[in-house]
Every structure is written in C-alpha cells, then in structure tokens.
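I would like to see how this sequence folds:
(one chain, ligands or ions: 1)
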Amino acid sequence: MPDQRPAATTHGVPIELRKVTKAFPGGGEPAVQELDLDIAAGEIVVLLGPSGCGKTTTMRMINRLIEPTSGDIIINGQNSRDIDPDRLRRHIGYVIQQACAVPHMTVAANIAQVPKMLGWDRERIAERVDELLTLVGLEPEQFRDTYPRRLSGGQQQRVGVARALAADPPVLLMDEPFGALDPITRERLQDELLRLQDDLAKTIVFVTHDVDEALKIGDRIAIMQRPGHIVQYARPAEILTNPASEYVEQFLGSGSSMRLLRLTKVGDIELDQVPFFPEDRDCADVLREVERDGRGYALITDGMRRPLRWVSTADLEGRTGPAGSAGAPVTGTISHRSTLQDALEALLNADTDILPVEGRRRTYAGALSLSTVQNAVQSIKARERERRLKRSGAG
Ligand SMILES: Nc1ncnc2c1ncn2[C@@H]1O[C@H](COP(=O)(O)OP(=O)(O)OP(=O)(O)O)[C@@H](O)[C@H]1O
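Below you'll find the model as predicted:
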C-alpha cells in the first residue's frame, strides 16, 4: 500500500455545461445538442452510451480540445471561454485509452511534462514523479528510468494516470482509460482509481460504453443517446431501479438485480440482528434469552465481540457452565465491506444457512442469510420507486 501522498492535494471543482452544442463543419446533425450537465466538485461523473453518441466530443469540450459551437462551460464559476486554452489544459488532467506516453522519453520524463511546462524546479519535479509512481502502484526505483514500451498495458495506464495527476489538477478527464485492458487488470485499475479518489477527491469525468464499469466507478452516470443528448442523469442505483426510458432499459440490458447486488455493500443493508452473548455467559442464562428471542439460535462472541460459535436451544438445554464450549464453531464470516454479490457467493458455499457479518475491527455486526439479501434488494427497489413517485408527485 503506498503511503506517500501529495503534501497538499487540490480537490475537485464544480463544472457546469449550459446548452452546449457542437456541430462539426460539414458534419450534418450536431454531435452534441444543447447539453446541460451539472458536475459536482469531487464527484466521478460517467458519460455512458453507445459509439457515436457524443461522449468524447462532450468531454473534449471541457478542456477545449474541441471548441463548442454554442453554449457555456463553467469551471469553478469561470466561463472556459475566458480561460486561455493552454492554461486550462494544464489544470485539467487528461487520460486516454492508449497511454499517451511519449515513447522516446522515460517514464519519469513523461510524468514530468506538465510540471516542467509550469516551470517547477528539478528537485520538486523528481520528488513529485516518485510520489506519483508510488501513488499509482509502481515502484519508483524500478520504473522511473524505464521506457513506456517496456511496460504492460496496465502499467502504461498507471503511468497515464500519474502523468495526468502530475501538476495536481482539480479536474481529470478520462476517456475509456481502461478500455484496452484485460478484464482482471481493468478491475484492478478501477479499484485503484476509486481508492485514489478517496484521498484525492478530484472532479472526474469518465467516458465509457461499459455499463458495469459505469455502475462501479460513477457517483453519477449520464446516459447519452444519439445524437448528442443526455437521457438520464442519476446515481447508479437509481438508474438500475428506475431507467428513465425504454432506451435506457435496453442499453443496460438484463440483470439489473444482479448489478444491484454488485453495487451494494453488506454494511449498507439491514442485517439480521441475531442475538449474541459473550463466551463466559452461563448456558442456562443464554438458553433463556434465546427462547425469549424466538429464533432458536444465537451467536457466541469473544471478549472483542468477534463471532466464535453458533448455539441452538438444543445445544444449550440441560447444559451448565460457560456457553463458549457449546454449539459449533463459526466456519465462515462475511465482511461488512463485501458486496452483496460476494456475500451471496459465500452463503451459497457455506455450511450454514446464515453467516455472521464482521464490521469494523472484525466485531459482530449482524447476520446474513439468503432471505436477508433478497429482502435488501426488494427494499432498495421499493425505495427507489417511492423516490421516483415522490419526485413525479412534486414535479
Ligand atoms: N472531428 C470530427 N469531425 C466530424 N465529425 C465528428 C468529429 N468528431 C466526432 N464526430 C462525429 O460526432 C459524433 C459523436 O462522436 P464522439 O466521438 O463524440 O462519440 P462517442 O460517443 O465518444 O463515440 P465512441 O464511443 O465511438 O468514441 C459521431 O457521429 C462522430 O462521427
């Protein structure tokens, strides 16, 4: 785990797109049409849609690689038209699919490009390069003097991210940055981006046409449709449970419940509060409580409240002494950080129908069974439905 962080990180700033249109010369219908989009500071907004719907054009108008035909883009309160394009681009990191590294320059020189342009001194640049390599999971000693072509696709993308972050910009634009990677490397880089973002809180605009990537990465997702407009802009769970149109539904494809399982963390749902007792509690005492609870079983925990054993009324009847030796040991647990999908997998492979959930410091936080998971998915859907009804009632 890298522990070297930028000394002071510039956090994200808000970006607003107001009726932004782009008509390419001789291009017929505009590629982007009167697009409105509010991007909150520090959020990851994903532009999701099929090929040709205007994702890249929209993104490139933010750093003025493409000039809008009409409309305004406001970055941290300032109209981008009033910012010199070179200056603007130095304050907006840009990552594209094929790592944009210059082949004849070392990794360090590639990362140092923008800081150099900004006139940083040599020592500060060298320090920053090492700091960034560590941040993106590349050992500085091993990688700083290497050339990009010697790197794997995943390593090249890491360099791409380091390069984009070099001058600590408040905004990052990422255009299908992981599109060319194998699924495992891709997942890993997505996880690392999310981990980085926890610390950096940049404003990130991320283009993809991969639904699962969008659901995983995005705080909000803008689903785009040809030609160049947004059909739904919402949080991932809302898009899954309340697709705004048939087009969105079709684009998402089937499996929205499975996707909800992937999105939701065990710690975010209501767990089954199976009673628990410390191992030194007397069996007769525990039996009384278990009978009163009505479930017929309970969990025995250690002094730190970590799950140890399952006990049932049958295990406790007629027994004396501490409950810590009764029943059967817990053979599996689920972390509160797991996704519901991982939890489901664990439940299907477990010896018992129910598994204890471990919260912070592995303390007992509740329990999970197949029906708890099912209830959770249903209540997420019901909640989203209710929110939609309330909104349409209010509107
Ligand atoms: N420089 C250009 N000149 C003319 N037309 C262009 C230009 N760039 C893009 N277009 C057109 O604008 C539309 C939107 O293109 P854009 O690249 O923004 O789509 P996209 O959603 O990013 O697609 P993809 O996922 O394939 O990258 C397309 O019809 C494309 O052909």
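
the domain parsing of this protein - what is it?
Taking automatic domain parsing as the domain assignment, the record places the domains of the chain at 15-259, 268-374.

tell me which of those domains is the most buried.
Greatest average neighbour count among these goes to domain 15-259 (a mean of 18), per mean count of other CB atoms under 10 Å. (Each C-beta comes from the backbone N, C-alpha and C, glycine too.)

coming back round to it: figure out which of the domains of the chain is closest to the ligand.
domain 15-259 (3.1 Å; CB to the nearest ligand atom).

now the terminal residues of the closest one, how far apart.
Distances were taken as CA to CA, to the nearest Å; on that basis the terminal residues of domain 15-259 are 29 Å apart.

now do stretch 261-270
One end of stretch 261-270 to the other measures 14 Å (CA to CA).

the domains of the chain into JSON lines, with extra columns for distance to Ser392?
Converted to JSON lines, the domains of the chain look like this (distance: least, CB to CB, whole Å):
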{"stretch": "domain 15-259", "distance to Ser392": "10"}
{"stretch": "domain 268-374", "distance to Ser392": "26"}
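
can you lay out those as CSV showing mean pLDDT?
CSV is the format used below for the domains of the chain (pLDDT from 0 to 100):
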stretch, mean pLDDT
domain 15-259, 92
domain 268-374, 95
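
got those as a markdown table, with distance to the ligand columns?
Compiled in a markdown table, these are given as follows (distance: least, CB to the nearest ligand atom, whole Å):
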| stretch | distance to the ligand |
| --- | --- |
| domain 15-259 | 3 |
| domain 268-374 | 27 |
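
list phi and psi for the closest residue to Leu271 other than its chain neighbours.
Counting by CB to CB, 6 or more residues apart in numbering, the nearest residue to Leu271 once its immediate chain neighbours are dropped is Gly366, at 2.7 Å. Taking degrees, to the nearest 10, you get phi 140, psi -170 for the backbone angles of Gly366.

wouldn't Gly366 be in contact with Val274 here?
Yes - contact status for Gly366 versus Val274: in contact at 7.2 Å, counting by CB atoms under 8 Å.

identify the contacts common to the two.
Both Gly366 and Val274 are in contact with Pro356, where contact means CB atoms under 8 Å, 6 or more residues apart in numbering.

how would you label Gln197: helix, strand or coil?
In terms of secondary structure, Gln197 is helix; the call rests on DSSP: H, G, I helix; E, B strand; the rest coil.

tell me the contacts of it?
Listed by CB under 8 Å, 6+ apart, the contact partners of Gln197 are 44, 204.

just use 28 as the starting number from now, easier for me
From this message on, residue numbering opens at 28, which makes the last subject Gln224.

buried set for the longest helix anywhere in the chain?
Ranked by residue count and defined by DSSP state H, the top helix of the chain is helix 397-421. Using 16 or more other CB atoms under 10 Å as the burial criterion, the residues of helix 397-421 that qualify are 399-400, 403-404, 407-408, 411.

can you give me the strands for the stretch 228-377 of the chain?
Under the criterion DSSP state E, counting those that start in this stretch, the stretch 228-377 of the chain contains strands at 230-235, 247-252, 256-261, 303-305, 324-328, 334-339, 355-356, 361-362.

can you redo those strands as a markdown table with distance to Leu165?
Output for the strands of the stretch 228-377 of the chain, formatted as a markdown table (distance: least, CB to CB, whole Å):
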| stretch | distance to Leu165 |
| --- | --- |
| strand 230-235 | 20 |
| strand 247-252 | 30 |
| strand 256-261 | 35 |
| strand 303-305 | 44 |
| strand 324-328 | 42 |
| strand 334-339 | 39 |
| strand 355-356 | 42 |
| strand 361-362 | 28 |
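
contacting residues for the residue lying farthest from the centre of the chain?
With distances taken from the mean C-alpha point of the chain and given as CA atoms, centre = their mean, the most distant residue is Gly345, at 51.4 Å. Under the criterion of CB under 8 Å, 6+ apart, Gly345 has no neighbours.

partners of Lys49 in the sheet?
Legend: beta-bridge partners of Lys49 under DSSP bridges are Val59.

what's the spacing between Gly323 and Arg87?
When CB to CB, to the nearest Å is the yardstick, Gly323 and Arg87 sit 62 Å from each other.

circling back to that earlier point, adding distance to Val317, write the buried residues of helix 397-421 out as CSV.
CSV is the format used below for the buried residues of helix 397-421 (distance: CB to CB, whole Å):
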residue, distance to Val317
Thr399, 19
Val400, 24
Ala403, 25
Val404, 29
Ile407, 31
Lys408, 33
Glu411, 37
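
can you give me how far stretch 156-172 is from the chain middle?
On the basis of CA atoms, centre = their mean, to the nearest Å, stretch 156-172 is displaced by 24 Å from the centre of the chain it belongs to.

quick one, phi/psi of the nearest residue to Gly294 once chain neighbours are set aside?
Using CB to CB, 6+ apart and skipping residues adjacent in sequence, the residue nearest Gly294 is His363, 3.5 Å away. The phi and psi torsions at His363 (degrees, to the nearest 10) take the values phi -60, psi -20.

what does the strand or helix carrying Pro142 rub up against?
Assigning secondary structure by DSSP states H and E places Pro142 in helix 140-144. When contacts are taken as CB under 8 Å, 6+ apart, the neighbours of helix 140-144 outside the stretch itself are 117, 129, 151-152, 155, 190, 193-194.

what about stretch 40-60, distance to the chain center?
Centre to centre, stretch against its chain (CA atoms, centre = their mean), the figure for stretch 40-60 is 28 Å.
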